[in-house]
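**Student:** Quick one, fold the following:
(one chain, ligands or ions: 1)
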Amino acid sequence: MTLTTPSSESEPVIRLTDIVKVFPTKAGPSRVLDGISLTVRRGEIFGIIGRSGAGKSTLVRCINMLESPTSGTVLVDGQEMTALSDANLRKARHRIGMVFQHFNLLSSRTVYDNVAFPLEIAGRSRDEIRKAVDPLLEIVGLADKSDRYPAQLSGGQKQRVGIARALAGDPSVLLCDEATSALDPETTQSILALLKDINRRLGLTIVLITHEMAVVKEIADTVVVLDAGRVVEQGPVFDVFTEPQSEVARSFVGDLLNHDLPAPVAARLAEGPGEGTNPLLRITFTGPAANTPVLGDLIAGKGLQANILHGSIDYIQDKPYGVLTVEVLNGETALAPSLDYLAANGLKGEIVGHVAATRRAAA
Ligand SMILES: Nc1ncnc2c1ncn2[C@@H]1O[C@H](COP(=O)(O)OP(=O)(O)OP(=O)(O)O)[C@@H](O)[C@H]1O
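**Tutor:** Residues are numbered from 1 along each chain as shown. So this is what the prediction gives:
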């Protein structure tokens, strides 16, 4: 096994071009996917996020052709899925593993037999099946539970079986449809860690759809934001988190990174600048600039007198991202040089409002 790191130079493994899906409904045709084009590169974890009804499940089902697009092309591992005969499509699907929100295990089969199932269907011998299944149960940490039935497992253990089963056909791509949505936060963490481990150790490309930005933030390299069947934003997870461009991405990111002012501070917001108010300065730290001793420099070097009101620091793809909101007590003299200092050091400084002053600058 080799450790792999995806990069923008990795070859494309999935390429969707102008995918449209129209469902007939009683109320008339419903255009659920409206011209989606995207590229997933080998070895990356690719997140697709959107609100309920955005078209995520339909899109992911178009990748393995459980749903056939009304128009557009689906290329997986060099094969045009949209042009295959039924027999060749069945073969091509063996190379695409899928993990479901509700596990979809066979209740009358043991853990071992659930994982073995796709290999039985593919006509493998008992010996071949054992050689494939035993290491998979090791990878997902269920080697000691191979004789149990699904009803005797926790939700997280069931999903581990689902993941092992999806890996049984030695897929080149793993599709995860809300794989952690039915799990509690702690179990979610352990399943995400397992997916990340599988991605890194096996170099397996993973596409995961979710409505939770925390999931994307935890493990994805690239993210696409879907809204009403269209891609409204896409890019490296760090970029989408730190500079979201679309309204949908902003609302997902805002919820998670808590940019909003805490209620007691918001209650002090004044209509605008004026007598008896102080400016609120928000400083955003990203990447290497996060290691600059900003506050010390501003206070000691620029004479800033500031009251810290709110702050957080987070790590996205192991890179720090922080936001600090301070009330500036001596804005008339220190604000301009402070903003210049921030700009010169590659940090974002912005005035996000004014609050009724409760303290004045020390003379
Ligand atoms: N077979 C179908 N016939 C008609 N409409 C459908 C069909 N399947 C899905 N839809 C509609 O397509 C839209 C997108 O559904 P989809 O399940 O892809 O969204 P989603 O983003 O995965 O939502 P959720 O997070 O709630 O699962 C919804 O409005 C849904 O009602």
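
**Student:** If we ignore the residues flanking it in sequence, what's nearest Gly141?
**Tutor:** Leaving out its chain neighbours, the residue that sits closest to Gly141 by CB to CB, 6 or more residues apart in numbering is Arg160, at 6.4 Å. Where you see a C-beta, it was placed from the backbone N, CA and C, and this is true even at glycine.

**Student:** ok so the one you found is a helix residue?
**Tutor:** Yes - counting by DSSP: H, G, I helix; E, B strand; the rest coil, Arg160 is part of a helix.

**Student:** who touches it in this structure?
**Tutor:** Val140, Gly141, Leu142, Ile191, Leu194 (CB atoms under 8 Å, 6 or more residues apart in numbering).

**Student:** so the fourth one touches Ser181, yeah?
**Tutor:** It refers to Ile191. No - between Ile191 and Ser181 there is no contact under CB atoms under 8 Å: 10.6 Å.

**Student:** So which of the two has more stuff around it?
**Tutor:** Ile191 (23 against 14; other CB atoms under 10 Å).

**Student:** Quick check: the gap between that one and Gln152.
**Tutor:** Distance from Ile191 to Gln152, counting by CB to CB, to the nearest Å: 19 Å.

**Student:** And for Lys91?
**Tutor:** On the measure of CB to CB, Lys91 and Gln152 end up 34 Å apart.

**Student:** next structured bit after the helix or strand bottoming out on mean pLDDT in the chain?
**Tutor:** Every helix and strand in the chain was compared by mean pLDDT, DSSP states H and E; the lowest is helix 247-257, with a mean of 80. Using DSSP states H and E, the helix or strand that follows helix 247-257 towards the C-terminus is helix 263-266.

**Student:** Point me to the residue of the stretch 201-350 of the chain nearest the ligand.
**Tutor:** Closest residue of the stretch 201-350 of the chain to the ligand, CB to the nearest ligand atom: His211 (5.2 Å).

**Student:** Now for that residue: which residues touch it?
**Tutor:** Contacts of His211 (CB under 8 Å, 6+ apart): Ile49, Gly50, Arg51, Ser52, Lys56, Glu178, Ser181.

**Student:** Now tabulate the residues you listed in CSV and tack on pLDDT and secondary structure.
**Tutor:** Formatted as CSV, the contacts of His211 follow (pLDDT from 0 to 100; DSSP: H, G, I helix; E, B strand; the rest coil):
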residue, pLDDT, secondary structure
Ile49, 95, strand
Gly50, 94, strand
Arg51, 93, coil
Ser52, 92, coil
Lys56, 96, helix
Glu178, 92, coil
Ser181, 91, coil
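
**Student:** Whichever of the residues you listed end up buried, select them in PyMOL.
**Tutor:** Buried residues within these, by 16 or more other CB atoms under 10 Å, are selected in PyMOL with:
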select buried, resi 49+50+56+178
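
**Student:** The ligand contacts on the stretch 151-300 of the chain?
**Tutor:** Residues of the stretch 151-300 of the chain found near the ligand (CB under 6 Å from any ligand atom) are His211.

**Student:** ok, which stretches of the stretch 151-300 of the chain are helices?
**Tutor:** Here the stretch 151-300 of the chain has its helices, by DSSP state H, counting those that start in this stretch, at 155-167, 185-202, 213-219, 237-242, 247-257, 263-266, 294-302.

**Student:** Just say which of the ones you listed is most tucked in.
**Tutor:** helix 155-167 (a mean of 24; mean count of other CB atoms under 10 Å).

**Student:** Check the offset of that helix from the chain's centre.
**Tutor:** 20 Å (CA atoms, centre = their mean, to the nearest Å).

**Student:** that older thread, going by distance to Asp260, which of the contacts of His211 wins?
**Tutor:** Each of the contacts of His211 was scored against Asp260 by CB to CB, and Arg51 proved nearest at 19.0 Å.

**Student:** Quick check: the closest one touching Glu247?
**Tutor:** No - Arg51 lies out of contact with Glu247 (CB under 8 Å); the separation is 11.2 Å.

**Student:** so how far is Pro273 from the residue most central in space within the chain?
**Tutor:** The centroid of the chain falls nearest to Val216 when counting by CA atoms, centre = their mean (1.4 Å). Distance, Val216 to Pro273, by CB to CB: 38 Å.

**Student:** Excluding chain neighbours, what is closest to Val76?
**Tutor:** Val76 sits nearest to Ile14 (CB to CB, 6+ apart), 5.4 Å away.

**Student:** That neighbour: neighbouring residues, count only.
**Tutor:** Around Ile14 there are 22 residues (other CB under 10 Å).

**Student:** Give the buried residues for the helix or strand it falls within.
**Tutor:** Applying DSSP H and E as the criterion places Ile14 in strand 12-25. For strand 12-25, burial by neighbour count (16+ other CB under 10 Å) applies to Val13, Ile14, Arg15, Leu16, Thr17, Ile19, Val20, Lys21, Val22.
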